[in-house]
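# mind folding the following:
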Amino acid sequence: MRVLLTGATGYAGLIVASRLMEAGAHVRGLASRPSELTQRLASTGYFTFRQGDLRDAQTLTEAVTGVDAIVHFAAIVGDPASAREPDLARQVNVEATKVLFDAAARSGVNHFVFGSTCSVYGRHTGGVATETTPVNPVSLYGETKVEAEDYLLSQDGDVDVTVLRLATAYGVSPRMRFDLVVNQYVHEATARGEITVMGPEAWRPHVHVQDLARAVDSVLAAPGDARQQVFNVVTENMQLKQVAALASTVRPDSVRINYRATVDDRRDYAVSGEKLLNSLSCTPDWTVARGVHEVHSHLVSTESSAQASGSGPSKGTQQGRTPGVSASAARSRSTTTPDGPRRKPPTDPGTAPGAPGAEPPRKGRGRGR
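Okay, here's the model as predicted:
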């Protein structure tokens with residue numbers, strides 16, 4: 001199978017590319033710029049890189065030529081980035097998606113897999129959201145994904161369309177992100193021994209980046225079962241305070257958790273992943289608890305490598321504590337820090353709803369406002 005992967009140089013894209021190549025696919029990666037990582041992928045003989053702007057119609061027409069399937073992950077990702085540049089977000093997330101699909105249909109592509117987001121559920125307090133739950137985006141990012149979904153699923157023709165609503169990803173990737181909940185909390189615990197949690201009562205769905213890639217592989221392997229379908233890609237639902245409690249276990253000393261109420265982020269939703277599990281037998285390998293320690297090990301290893309290269313010990317190391325994290329290990333960070341009341345950590349974070357579709361407890365729902 002020949003697959004065009006947009007966003008191939010991103011946090012998830014690199015993992016998806018590797019997974020597809022392991023399954024025997026030839027991957028054509030489309031992104032705005034090459035990198036050392038794409039050069040390594042190209043050395044396998046199963047990956048070719050095409051540089052181009054997703055907003056350029058000619059680039060997309062050339063990119064789709066000769067491929068069997070498209071996995072469209074390129075986007076202005078996340079609420080903050082979309083809010084900063086709303087026009088760009090609409091151009092990339094909506095208009096470019098339409099142009100890409102139209103080019104795919106003209107070129108005879110068989111399967112179009114669209115990377116959407118569970119953020120389309122916005123604030124959902126009526127139980128666990130399924131693929132049939134009405135969408136309720138509370139941000140521009142969610143709105144752009146809904147608009148793109150609607151366009152793709154409304155198209156008639158020979159192209160099989162599959163929409164993957166991705167939970168918040170976590171885990172180690174060659175191109176790390178630390179603005180994702182699990183990764184961010186582990187980074188804060190490792191680097192500072194302190195975690196700041198905005199809206200601790202809010203629920204989020206989570207998926208390890210390797211399980212995310214497995215979902216893409218499963219969908220491409222069963223196009224008939226995935227035709228004109230929407231799948232949530234999620235393995236665990238947890239409140240933010242429960243994620244923080246798990247992240248706080250990475251250090252042998254005490255980690256301070258600062259709980260702050262917030263009105264800036266209205267998202268609050270738990271999501272079922274049962275459909276993907278039952279329809280395509282896509283069984284996850286990772287838990288948040290396991291991912292927390294994977295990310296911590298990666299951070300410590302990165303810091304140790306930096307010290308060995310001559311950058312010197314970190315402040316944390318000088319104090320005899322767990323090594324801190326160098327600037328090179330933290331490519332992106334959340335900067336939203338509204339003040340609010342402190343809260344006690346959960347007494348039993350292990351009781352968070354761990355199975356796809358588990359019902360979050362209704363008592364104490366909300367953000368503590």
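# pretty sure residue 174 sits against residue 12.
No. Residue 174 is not in contact with residue 12 according to Cβ atoms under 8 Å; the separation is 11.0 Å. Where C-beta positions appear, they are placed from N, C-alpha and C, glycine not excepted.
# low pLDDT regions in this structure?
Confidence mapping of the chain against pLDDT under 70 gives the ranges 263-264, 310-369.
# now residue 113, which residues is it bridged with?
Beta-bridge pairing of residue 113, defined through DSSP bridges, involves residue 71, residue 162.
# how about the contacts made by it?
By Cβ atoms under 8 Å, 6 or more residues apart in numbering, the residues touching residue 113 are 69-72, 162, 164, 216, 219-220, 226.
# so which of the residues you listed is the closest to residue 245?
Set against residue 245, the nearest of the contacts of residue 113 by Cβ to Cβ is residue 164 (29.0 Å).
# that's a strand at the closest one, yeah?
Yes. Applying DSSP: H, G, I helix; E, B strand; the rest coil, one finds residue 164 inside a strand.
# neighbours of it, how many?
For residue 164, the tally of surrounding residues (other Cβ atoms under 10 Å) stands at 24.
# for it, what are its contacts?
Shown here is residue 164, whose contacts under the criterion Cβ under 8 Å, 6+ apart are 113-116, 215-216, 219, 231, 233.
# how does it look with 10 Å?
Taking Cβ atoms under 10 Å, 6 or more residues apart in numbering as the definition of contact, the neighbours of residue 164 are 71-73, 113-118, 212, 215-216, 219, 226, 229-233, 276.
# and residue 214, by the same measure?
Taking Cβ under 10 Å, 6+ apart as the contact definition, residue 214 lies against 15-16, 19, 23, 207-208, 233, 276, 280, 282-286.
# repeat that for residue 223.
With contacts defined as Cβ under 10 Å, 6+ apart, residue 223 is in contact with 68-69, 110-111, 113, 160, 162.
# in strands, which of the residues you listed fall?
Cross-referencing these against strands under DSSP state E gives 69, 111, 113, 160, 162.
# now distance to residue 265 too, for the residues you listed, in JSON lines please.
Shown next, in JSON lines, are the ones in strands among the contacts of residue 223 (distance: Cβ to Cβ, whole Å):
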{"residue": "69", "distance to residue 265": "34"}
{"residue": "111", "distance to residue 265": "34"}
{"residue": "113", "distance to residue 265": "28"}
{"residue": "160", "distance to residue 265": "35"}
{"residue": "162", "distance to residue 265": "28"}
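# which single one of these is nearest to residue 94?
Distances from residue 94 to the ones in strands among the contacts of residue 223, taken as Cβ to Cβ, are shortest for residue 113 (17.2 Å).
# so how far is residue 176 from the closest one?
24 Å (Cβ to Cβ, to the nearest Å).
# quick one, helices of this structure?
According to DSSP state H, the chain carries its helices in the segments 11-22, 36-42, 57-64, 79-84, 86-90, 96-107, 140-153, 181-192, 209-221, 223-226, 240-247, 274-280, 288-306, 315-318.
# so which of those is nearest residue 257?
Nearest to residue 257, of the helices of the chain and by Cβ to Cβ, is helix 240-247 at 5.1 Å.
# got the angle between that closest one and helix 181-192?
Computed by axes from the mean of the first three to the mean of the last three Cα atoms, to 10 degrees, the angle separating helix 240-247 from helix 181-192 equals 50 degrees.
# using PDB, write out every CA atom in helix 240-247.
Backbone C-alpha positions of helix 240-247 (Å, rounded to 0.1, in the frame of the first residue of the first chain) are rendered in PDB as follows:
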ATOM      1  CA  LEU A 240      -6.900  16.300  35.400                       C
ATOM      2  CA  LYS A 241      -6.200  16.000  39.100                       C
ATOM      3  CA  GLN A 242      -5.900  12.200  38.700                       C
ATOM      4  CA  VAL A 243      -3.400  12.600  35.900                       C
ATOM      5  CA  ALA A 244      -1.400  15.000  38.100                       C
ATOM      6  CA  ALA A 245      -1.400  12.500  41.000                       C
ATOM      7  CA  LEU A 246       0.000   9.900  38.800                       C
ATOM      8  CA  ALA A 247       2.700  12.300  37.400                       C
END
